[in-house]
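Undergrad: Requesting a structural model of the entry that follows:
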Amino acid sequence: MGLLGLNFLPIAIPISFLFSVLLVYGRLSSDSELIAMRAAGWGLRRLFVPALVFGFVLSFSCLYITLDLVPWSSHSAKEKFHRITGNKLAGSLEAGTFTPGFYKLSIYVNEVNHNTGKLKGVFIYDERNPGYPITIAAKEGSLVPWKGKDNMTVAVLLRLKDGSMHRAPNLNDADERSQLRYQKVTFSTYDLLIKLPEISPYQTSRPITMQIKTLLKEIKRTEGKSEEEQFNRELRSEFWKRITVSFACLIFALLGVGLGIQKIRSVKSTSFLFCILVLLVYYALHLIGINLAEKGLLPIAPTLMAPDIIFLIIGIFLLRRATKS
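TA: Predicted coordinates for the structure are as follows:
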C-alpha cells in the first residue's frame, strides 16, 4: 500500500495546496487583514509572492514525483505482486497431504519448506491432457520462478530430481489409443512448467510503469510505425500528462489567491466548495483530454495542455481584477 500510495501524491499535493491558499487568503480577506496590509503599503502583488514561491517549489516537486517516483512505485508494486504470487505456490502445499487442483495437478509431498520452496518425496498426477495422464514420482523438487521479458515472474518451474515418469493412455477413451503401451522414463532432472494465468495482465509493461528515460526511448522507437501507432499515442499521452499535471500547483497559486481574496462570510466552507469545484472541472478536463488524445481525435500536446492554459487565464483574470479593485 505504501508503494501504491505514491501514485496519489501528484493529485493529493495540488488539492492540499489549493485548499490551503483559499483558506489563508480567504481568512485574510474576511478579517480585513488585506485592507490593513494595503494601507501599510503592501501591494497585492507582494502578498501574492509567498503563494507563487510555494507553487513553484511544489510544482517541481510534483514533476520529480511524476517522472521518477510514480513509475518506480508502480513497477516495484507490480514486481512485489509477482513475487508474492510465485511464492504462494509453495504456501498452498501441505506435507503429507494430497493437494488436488494445484494448477490442474494433483500433488503430494512428504516435506515442504514454504520459505525456500524445497520439496521432498514428491508424487504428481498430471491430467492436463485427459487422454494421456502422467504420473511422476521424485525424491525431491523445488519451485523455481520463471522470469519474463520485463524481469517479472510469469510462471514457475517445478524442478524435480531423481525420479520416474509413468505414462499410459486413458483406456476409457477410445479405440485408437488402445494399441498404445505403458511407458516409463527415469530422469535425474525434470522441469514441469506451471503458468500463472492470474497475473497475465501484468506481463506487458504499461506506460505508467516506465521511467522517463524508458518512456522517451519507447516513444522514439514506436514513432512512425503504423502497427504501433496506438501504443505510441498512449506513450506520448503519458509523457504530456506527467508534465501538465505537475504544474497544477503553480496554476492553483494564481487561482487560489484570486478566489481567496473575494469577500465571503464562511471562509472554511466556501474554500472547501471552491476547492472541490475547481478540482472536479480541472481533472475532468484532463481525463477527457487524455481519452480524446489516445483515440487520435485531437492532437496530444495541445489537448493535455488545454486545462492548464484555461485555468491559468482564469487565475490571471481574477488576480488582475482583485488588484484593480
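Undergrad: in the stretch 101-250 of the chain, what spans have low per-residue confidence?
TA: Along the stretch 101-250 of the chain, the parts satisfying pLDDT under 70 run over 101-103, 146-155, 169-181, 195-205.
Undergrad: Recalculate using a threshold of 50.
TA: When residues are selected by pLDDT under 50, those of the stretch 101-250 of the chain lie in 174-178, 198-204.
Undergrad: residue nearest the centroid of the chain?
TA: For the chain, Ser74 is the residue whose C-alpha lies nearest the centre (Cα atoms, centre = their mean; 4.2 Å).
Undergrad: What pLDDT does the model give it?
TA: At Ser74, the pLDDT value in this model is 70.
Undergrad: what does the one 10 residues further on give?
TA: Taken from the predicted model, the pLDDT recorded for Ile84 is 57.
Undergrad: same question, Leu4
TA: 62.
Undergrad: tell me what the helix or strand encompassing Leu287 is packed against?
TA: Assigned by DSSP states H and E, Leu287 belongs to helix 267-294. Counting contacts by 3 or more Cβ pairs under 8 Å, 6 or more residues apart in numbering; DSSP states H and E, helix 267-294 is packed against helix 9-30, helix 229-246, helix 248-260, helix 300-324. To be clear about C-beta, it is placed using only N, CA and C from the backbone, and glycine gets the same treatment.
Undergrad: Number of residues surrounding Phe239?
TA: 21 (other Cβ atoms under 10 Å).
Undergrad: measure it to Gly163 for me?
TA: To Gly163, Phe239 is 52 Å away according to Cβ to Cβ, to the nearest Å.
Undergrad: ok, now Ser32?
TA: The value you get for Ser32 to Gly163, if Cβ to Cβ is used, is 87 Å.
Undergrad: neighbour-wise, which of these two wins?
TA: More crowded of Ser32 and Gly163, by other Cβ under 10 Å: Gly163, with 20 against 11.
Undergrad: Pull the contacting residues for the more buried one.
TA: Listed by Cβ atoms under 8 Å, 6 or more residues apart in numbering, the contact set of Gly163 reads 122, 136-139, 186-187, 190.
Undergrad: Go again with 7 Å.
TA: Listed by Cβ atoms under 7 Å, 6 or more residues apart in numbering, the contact partners of Gly163 are 136-139, 187, 190.
Undergrad: Backbone dihedrals for it, please?
TA: In terms of degrees, to the nearest 10, the main-chain angles of Gly163 are phi -150, psi -170.
Undergrad: What of the one 4 residues further on?
TA: For Arg167, the backbone dihedrals (degrees, to the nearest 10) come out as phi -140, psi 140.
Undergrad: Determine the number of other residues adjacent to the closest residue to it other than its chain neighbours.
TA: Spatial nearest neighbour of Arg167, chain neighbours left out: Gln183 (4.5 Å); criterion: Cβ to Cβ, 6 or more residues apart in numbering. Per other Cβ under 10 Å, the neighbour tally for Gln183 reads 12.
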